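Enquirer: Here's a sequence, model it:
(chains A and B)
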Amino acid sequence: MSALELNDVVVDYHGRGGRVRAVAGASLAVERGRIVGLVGESGCGKSTLARAAVGLVATSGGTVTFEGREVTPLRRRARPADLVRLQLVFQNPYSSLNPRRTVGSQVADGSPGVDVAELLELVGLPQNAARRFPHEFSGGQRQRIAIARALAARPSVVVLDEPLASLDASAQAQLANLLKRLSRDLDVGLLLISHDLAIVRHVADRVSVMYLGRMVETALTGPLWDRPAHPYSEALIAAVPRADGAGTLPEALPGEVPDPAQPPTGCRFHPRCPYAFARCPVEEPPLLSLAGDRAAACWLQEAGRPPAQLARTGGVE
Amino acid sequence: MSTLAVEGLRVRLPTPAGEVTVVDGVDYEVQPAEVFGIAGESGSGKTISMLALLGLLPDGSSVEGSARFGGDDLLTMPRRRLRAVSGRDIAMVFQDPFTSLHPMLSVGRQLTEHVRLHLGLDRAAAEKRAVELLADVRIPDPQTALRRFPHQFSGGMRQRIAIAIALACRPRLLIADEPTTALDVTVQAGILRLLDRLRREHELAVVLITHDLGVLSSVADRVSVFYAGRIVESGGREDVLRRPRHPYTRALLDALPHPESEREQDLVAIEGAPPTPGAIPPGCAFHPRCAHLVENCRHVVPPLLGAGEGRRLACHVDPFKP
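Expert: Below is the predicted model:
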């Protein structure tokens, strides 16, 4: 059994325009010591799913279980004590750290008696960091502080929402290496939310690809990258610009992420899919289990078989 | 003839702790229909060096050097004239189009106002031009789009609208500062393709500022790498990105996750962090993070010298000389 399991989770937001289904039945599992990447374009529901995973937003369907017990949405009462081992790190550490309190006191928050010096060393910050304030640190260092604070609770799973976005290349590489090391050395499971497929490829053991509230593909990172089984995964990979000096333009995906309040009929990706055929606008493909411990929701794939090769198409502007 | 020629650009900004040098002697030229890429981490001076050309620095800043644009020097031009030139012949596109587009005015109003002001067109002609511009940046159904407001468009479409406004007066130079940083990769790819077509069709010189070497690698013809307010290496895209000679350029490239590399390997991070303006190390600013330093690097600033085939390099050691 995995430490964190999300089963067919549904999250609705209610606004003036009526109900918007941000997550429309998505499943995911995170084991201790493993890193799962969750990728997709903005508006695909990945951050909402991350919040549902730690009980920050209420689910309208499905279950979230952590170490065998159900994660219930946070209300006014205190969070159950066991859930302290499930932690969340936000994208912008500057807004989640208190500017007027020292780093040391914030890392020790909620975990009295914790060895702050050891935690700071673990994330590669100098000893004297404990006495300093958040503004004295760079973006990458602040993200380390936020991670140290999450680790203070001795978690078995940490959910990280875009921890590497808005960092320069060198800080990003340092942090990516740190996450891999921490996950392995401390036997912590990481759910890494990111829009950057290139960095996820380097960090994650497994990747789930989300589109308009649903998982469209999940696979081990290497096989997913080498042979994406869903046209959307393929499009995401082809859009990553490569710094090889070759002057090759990345492939754009036509159209835009549709309004989740009015998802397309059939396969949600069909209006943007270069391979769409008659069945796609009519019938929604289920997430099919394919050979090689992977799954994809596409009518071009057959259950139990190795993924069929998708044929790349020319570029659009 | 080059569209823009910058020489010896130095910028000092006022801070509570006194004047701080942010750009320290920068030279480059941009040709028509060329994308000139400026790469560097935050705080390297890449954005400030552009704002300086357009007179957009805060009061109390000081600027030295020259920036030849056409027959004029942007840095000594009277303010009124610079305002006219920078609205018409030089255009800018920023990271977040939401801050450059007016939220309360329709897209059509923003486009037509701009062309009427600078080109003196009447209402009907201005509207015709606005439709052409939106079609040029591939906004679907441009007639309807004119009557809509910025918040009714996605991030990618807003950036296309910002580019349409930038192109409205047929500028000769477009400065794009991190134009795709806030966008998804799938949308970014579309904007890069758009920029690539526009510069060819409009003979447009483009200065593309970005921290993303992958972005530069896809559209830039020539690349210069900024570190601590100076150019440390510049040259043709392939030379600089495929065969980097400066230890910083090489380290930046090594820090990136390459799609073809072994994923089990750790990324090669650069130790430490880039220096902040006001606390730039003496000698070569990169020396505290450099694996190849010699004694000279600690004391003497390496000049940016020609290194063959249009490449320029500021390094005492040149450890990757072929």
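
Enquirer: Pull out the buried residues from stretch B:95-106.
Expert: By neighbour count, and taking 16 or more other CB atoms under 10 Å in any protein chain shown as the criterion, the buried residues in stretch B:95-106 are B:95, B:97, B:98, B:100, B:101, B:106. Every C-beta, even on glycine, is put in place using the N, C-alpha and C of the backbone.

Enquirer: biggest separation within those, which pair?
Expert: Greatest spacing in the buried residues of stretch B:95-106, by CB to CB: B:95 and B:106 (23.1 Å).

Enquirer: Doesn't residue A:178 lie inside a helix?
Expert: Yes - with DSSP: H, G, I helix; E, B strand; the rest coil as the criterion, residue A:178 is located in a helix.

Enquirer: Show me what residue 24 bridges to in the sheet.
Expert: Answering for chain A, as no chain was given. Beta-bridge partners for residue A:24, by DSSP bridges, are residue A:10.

Enquirer: sorry, should have said chain B
Expert: As assigned using DSSP bridges, the partners bridged with residue B:24 are residue B:10.

Enquirer: okay, now it: neighbour count?
Expert: 20 (other CB atoms under 10 Å in any protein chain shown).

Enquirer: Ok, the one 10 residues further on next?
Expert: When counting by other CB under 10 Å, one arrives at 19 neighbours for residue B:34.

Enquirer: tell me the pLDDT at it?
Expert: At residue B:34, the pLDDT value in this model is 97.

Enquirer: Tell me how far it lies from chain A.
Expert: Counting by CB to the nearest CB, to the nearest Å, the gap between residue B:34 and chain A amounts to 13 Å.

Enquirer: Just give the closest residue to that residue, not the sequence neighbours.
Expert: Nearest residue to residue B:34 in three dimensions, chain neighbours excluded: residue B:221, at 5.0 Å (CB to CB, 6 or more residues apart in numbering or on different chains).

Enquirer: Throw the buried residues of stretch B:95-106 into TSV and include distance to residue B:279, secondary structure and pLDDT, thanks.
Expert: Supplementary listing: the buried residues of stretch B:95-106 in TSV, determined by distance: CB to CB, whole Å; DSSP: H, G, I helix; E, B strand; the rest coil; pLDDT from 0 to 100:
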residue	distance to residue B:279	secondary structure	pLDDT
B:95	26	coil	84
B:97	34	helix	73
B:98	33	helix	71
B:100	32	helix	79
B:101	37	coil	88
B:106	47	coil	94
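
Enquirer: For residue A:22, state which of these is nearest.
Expert: Nearest to residue A:22 among these: residue B:98, at 21.7 Å, using CB to CB.

Enquirer: Hmm, residue B:149 and that closest one touching each other?
Expert: No - Residue B:98 lies out of contact with residue B:149 (CB atoms under 8 Å); the separation is 11.4 Å.

Enquirer: At which residues are the strands of the stretch 51-200 of chain A located?
Expert: Remark: strands of the stretch 51-200 of chain A, listed N- to C-terminal, are A:61-66, A:69-70, A:86-89, A:157-161, A:189-194; assignment by DSSP state E, counting those that start in this stretch.

Enquirer: Can you find the helix or strand in chain A with the smallest mean pLDDT?
Expert: Taking mean pLDDT, DSSP states H and E as the measure, the helices and strands of chain A show their lowest mean at helix A:93-96, namely a mean of 78.

Enquirer: for that helix, the distance to its chain's centre please.
Expert: Centre-to-centre, helix A:93-96 and its host chain are 19 Å apart (CA atoms, centre = their mean, to the nearest Å).

Enquirer: Same check on stretch B:170-179?
Expert: Per CA atoms, centre = their mean, the displacement of stretch B:170-179 from the mean C-alpha position of its chain is 8 Å.

Enquirer: Distance check, the most centrally placed residue in chain B against residue B:250.
Expert: Of all residues in chain B, the one closest to the mean position by CA atoms, centre = their mean is residue B:209, 2.4 Å from it. If you measure residue B:209 against residue B:250 using CB to CB, to the nearest Å, the figure is 21 Å.

Enquirer: coming back round to it: among the strands of the stretch 51-200 of chain A, which is nearest chain B?
Expert: strand A:189-194 (11.0 Å; CB to the nearest CB).

Enquirer: Just confirm yes or no for that closest one near chain B.
Expert: No - for strand A:189-194, no contact with chain B is found by CB under 8 Å from any CB of the partner chain; the gap never falls below 11.0 Å.

Enquirer: low-confidence ranges in the chain?
Expert: Assuming you mean chain A. Regions of chain A meeting the criterion pLDDT under 70 cover residues A:74-77, A:312-317.

Enquirer: wrong one, I was asking about chain B
Expert: Looking at chain B by pLDDT under 70, you get B:259-264.

Enquirer: picking that back up, what's the helix or strand for the residue nearest to the centre of chain B?
Expert: Using DSSP states H and E, residue B:209 falls within strand B:205-210.

Enquirer: Report the strands that pair with that strand, each with its relative direction.
Expert: The pairing partners recorded for strand B:205-210 under DSSP bridges are strand B:35-39 (parallel), strand B:173-177 (parallel).

Enquirer: can you redo these as a markdown table with mean neighbour count and distance to residue B:10?
Expert: A markdown table is the format used below for the strands paired with strand B:205-210 (neighbours: other CB atoms under 10 Å in any protein chain shown; distance: least, CB to CB, whole Å):
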| stretch | mean neighbour count | distance to residue B:10 |
| --- | --- | --- |
| strand B:35-39 | 27 | 16 |
| strand B:173-177 | 23 | 19 |
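
Enquirer: Redo those as CSV? Include distance to residue A:35.
Expert: CSV is the format used below for the strands paired with strand B:205-210 (distance: least, CB to CB, whole Å):
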stretch, distance to residue A:35
strand B:35-39, 29
strand B:173-177, 34
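
Enquirer: Please identify which of these is closest to residue A:151.
Expert: For the strands paired with strand B:205-210, proximity to residue A:151 was assessed by CB to CB; strand B:35-39 is nearest, at 33.9 Å.

Enquirer: those helices in the stretch 101-250 of chain B, which residues are they?
Expert: In the stretch 101-250 of chain B, the helices defined using DSSP state H, counting those that start in this stretch lie at B:107-119, B:123-136, B:142-146, B:155-167, B:185-201, B:213-219, B:237-242, B:247-254.

Enquirer: Now stretch A:256-271: buried residues?
Expert: Burial within stretch A:256-271, assessed by neighbour count using 16+ other CB under 10 Å, is assigned to A:256, A:257, A:258, A:260, A:264, A:266, A:267, A:268, A:269, A:270, A:271.

Enquirer: Okay, and the fifth one sits in which element?
Expert: Assigned by DSSP H and E, residue A:264 belongs to no helix or strand.

Enquirer: pretty sure residue A:104 is touching residue A:130, no?
Expert: Yes - with the criterion set as CB under 8 Å, residue A:104 and residue A:130 qualify as a contacting pair; they are 3.0 Å apart.

Enquirer: quick one: contacts for residue B:215?
Expert: Taking CB atoms under 8 Å, 6 or more residues apart in numbering or on different chains as the definition of contact, the neighbours of residue B:215 are A:241, B:180, B:188, B:192, B:208.
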